[in-house]
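[1] my questions are about this predicted structure, shown below with the sequence.
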Amino acid sequence: MSSSSSNPLQIMLSKRDWVLADGATGTNLFNMGLSSGDAPELWNKTAPEKIRALYKGSVDAGSDLFLTNSFGGNRSRLKLHAAENRAAELSRISAEIGREVADTSGRNVIVAGCVGPTGEIMEPMGPLSYSIAVEIFHEQAEGLKAGGADVAWVETISFGDEYRAAAEAFALANMPWVGTMSFDTAGRTMMGITAPEMVKLLAKIPNKPLAFGANCGVGASDLLRTVLGFSSTNTKLPIVAKGNAGIPKYHDGHIHYDGTPELMATYAVLARDCGATIVGGCCGTTPDHLRAMRTALEKYEPHERPSLETIKTALGEFSSESDGTDGNAPIRKRQNRRRRIT
Amino acid sequence: MSDQEDDIILSELNDEDLVAQMFDDLYDGLKDEIEEGVNLLLARDWTPYRVLTEALVGGMTIVGHDFRDGILFVPEVLLAANAMKGGMAILKPLLIATGAPRVGKMVIGTVKGDIHDIGKNLVGMMMEGAGFEVVDLGINNSVDAYLEAIEREGPDILGMSALLTTTMPYMKVVIDTLIEKGIRDDYTVLVGGAPLNEEFGKAIGADAYCRDAAVAVETAKEFMARKHNRMAANV
C-alpha cells in the first residue's frame, strides 16, 4: 500500500463515475440493540456477528464502500469507557471483520477504516496539542491498517488542525486516506469553517486525500449546499457527500429520521449533479435507503448544476439562510480600535 | 502586535471608553487586557458587581449575540470565555465579600448514557459569562444524580444536554421524576443538544429548548426575570 495509485479505492475512482458509500453506523447499531452511551467499538470483540451484519447490510444493499465500526475507536474517546488501551486492537478487529465481508461479497468492495474526532478541543482554545492529536490518530490508523483496511477515512471533523493532524497520522502509517468534515453550524463546521475554506486547507496538506467532502451535519439539503461550495472552487479532488437521512423526530419515546428512501434517492442524484463522486448516507440511513440510492444512481443521467432553490424544493429547507460563502453572511461592524492579530 | 495596538493605554481611557474597549477585548479574547481593565475599574471605585454586569456581562452579551447569529463560532467564543474567566477570577472573591446579588444559579449536566460535553461546556461558560453561578455535573448523569444535585445546590435552573438521539428521551425521565416528586415547578428546566428541537422540548415538558449556548443564556435571563417578577408580585 506504499503507492496510492495501486490502492483499490484509487482504482475504483479511476474506473467509475460514482461510488456508493454506506449509511449510518451508530443509528443502525442502536436498531440492533446497542444501548445508548455504550461504545459501539466494544462490539467488534464481544458481538462480531452484529458488526458483520451491519457491514453486510450495506454491501447487500449495493454499497461499493463501507466504513468500519471504529468511529470512536481512538484512545481519547475510548477513555470514556475505560478502554483507552484498546484503540489499536478494536480498530484492527473492526477492519478484519470488514475485510472478511468485503472479500466474500463476490464483487469489489472497499473497506474504509473509520476514524472519528478525538472529541477534545485543540490548542489554543482547548487542551489537546497538535502532536498528541497526531499520536492518537496514528495509533488508530496502525490498527486499521493491520486489520486490512484499504484506506483510512476520517469524518465528522470540525477543526482544521484536527483534520491536518489526522492527515499527518495517515502519512506516518503510510495509508491513503479520505477525510470529511461536518458542516452543522449555519452551513459551516462548529469551528466556523466554510466549504471553500476546507478546500484551501487541503492545499496545506502534503499527503493529499483520495477524496474529501462532508458528512452528517444537519439535513440532506444543507449537505448538498456544502457540496456546491466545494465544487464551486473547481477542485480536482473527488468529493464525498454523506448526508443524514433527514432530520431526527421524536415520536412516542423514540427517535427516527424523517428522510424516506425516496428522499435519499433524490438526494443521491442531486449529489452527483452538485459534483459529488462518492455518495452515501449518514445518521438514519438504513439498507433500504441505500437500495433506493443505488437504483437511482444506476439510472442517473447528468443534469445541470442544481440551484439552491432546486435543492430546497426537492429535499427541504436549509437550516440557515447563508452558509458564509455568498457574501450575505452576517458580520459585525466594529469600531476601529484594537483587534487581535490572528 | 501592530503599532496601532500599542497606541491604546487602557489606564488613559475614561470609564466609558474603557468599558467599550473591554467589550472589544472580550470579543477578541484578550485575557491580559481584560484582567487589566477589571483592576482599573475596581481602582476607580466601581463595585465588583458593577464591573461584572456592565463591563464583562455586557461584553459577553455581544459575543453571545454574534455566536447566535453565525458571526462568531466556537473558537472565538472559547477565547472570549477564557478572557472572561480571567476577569471573573479577580471578581469572584470580591463579589462574595461584598454580598453582591446573585444573577442566578444553574445545575447542568449531560444525561445518562451520553458522554458528549463540548456543547454543555460551552453553555456553562456562556452562563458564567452572563454572571450565573454554574454547577457542572459532567457527563452521563442519572435521575438520582440530577435530583441529588438540585437538592444540594438549590439552583434556579436545571440544564440537560444530549447529543444522541438515543439519549435525548432520558430528559423526559428526569422531568417526569421531578413531576412525580412535586418539585417540577421549583425549577426552570432548559434542554439542548444537536439532535433536539423545540417540538421535542415541548413534548417532554421542558420549559424551553435552547438551540445554542447564546440562546440558553437569553432564555435563562428571561426566566430569571419572570421569576423575580413573580416573587415581587407575591410579596
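    Cool, the structure landed.
[2] got the residue ranges for the helices in chain A?
    Assigned by DSSP state H, the helices in chain A fall at A:8-15, A:26-31, A:43-46, A:48-60, A:75-78, A:87-103, A:130-146, A:160-172, A:195-203, A:220-231, A:261-274, A:287-298, A:308-315.
[3] okay, those, which one's buried deepest?
    Among the helices of chain A, helix A:220-231 has the highest mean neighbour count (mean count of other Cβ atoms under 10 Å in any protein chain shown), at a mean of 26. All C-beta atoms are positioned from the backbone trio N, CA, C, and that covers glycine.
[4] that one close to chain B?
    No. Contact of helix A:220-231 with chain B (Cβ under 8 Å from any Cβ of the partner chain) is absent, the minimum separation being 12.9 Å.
[5] could you do stretch A:130-146 as well?
    No. Stretch A:130-146 lies apart from chain B when judged by Cβ under 8 Å from any Cβ; the minimum separation is 14.6 Å.
[6] can you give the contact residues for that stretch?
    Applying Cβ atoms under 8 Å, 6 or more residues apart in numbering or on different chains, the contact partners of stretch A:130-146 are A:1, A:68, A:70, A:73-76, A:87-92, A:94-95, A:113-115, A:118, A:120, A:122-123, A:152, A:154, A:161-162, A:164-166, A:168-170, A:172-175.
[7] what about 7 Å?
    A:68, A:70, A:73-76, A:87-89, A:91-92, A:95, A:113, A:115, A:118, A:122-123, A:152, A:161-162, A:165-166, A:168-170, A:172-173, A:175 (Cβ atoms under 7 Å, 6 or more residues apart in numbering or on different chains).
[8] where's the residue of the stretch 101-250 of chain A found nearest chain B relative to A:M198, distance?
    Nearest residue of the stretch 101-250 of chain A to chain B, counting by Cβ to the nearest Cβ: A:G192, 3.0 Å away. According to Cβ to Cβ, to the nearest Å, A:G192 stands 11 Å off from A:M198.
[9] so B:F73 sits right up against A:E197, yeah?
    No. Using Cβ atoms under 7 Å, B:F73 makes no contact with A:E197, being 11.4 Å away.
[10] nearest residue to A:M32 other than its sequence neighbours?
    In this structure, A:M32 finds its nearest non-sequential neighbour in A:K50, 5.2 Å apart by Cβ to Cβ, 6 or more residues apart in numbering or on different chains.
[11] beyond the strand or helix carrying B:V107, next helix or strand please.
    According to DSSP states H and E, B:V107 maps onto strand B:105-110. Beyond strand B:105-110 on the C-terminal side, the first helix or strand identified by DSSP H and E is helix B:118-129.
[12] who does the helix or strand that that next one is followed by pair up with?
    Tracing the chain C-terminally past helix B:118-129 and defining elements by DSSP H and E, one meets strand B:133-136 next. The pairing partners recorded for strand B:133-136 under DSSP bridges are strand B:105-110 (parallel).
[13] quick check: end-to-end length of stretch B:26-37?
    10 Å (Cα to Cα, to the nearest Å).
[14] quick check, it touching chain A?
    Yes. Contact of stretch B:26-37 with chain A (Cβ under 7 Å from any Cβ of the partner chain) involves B:28-30.
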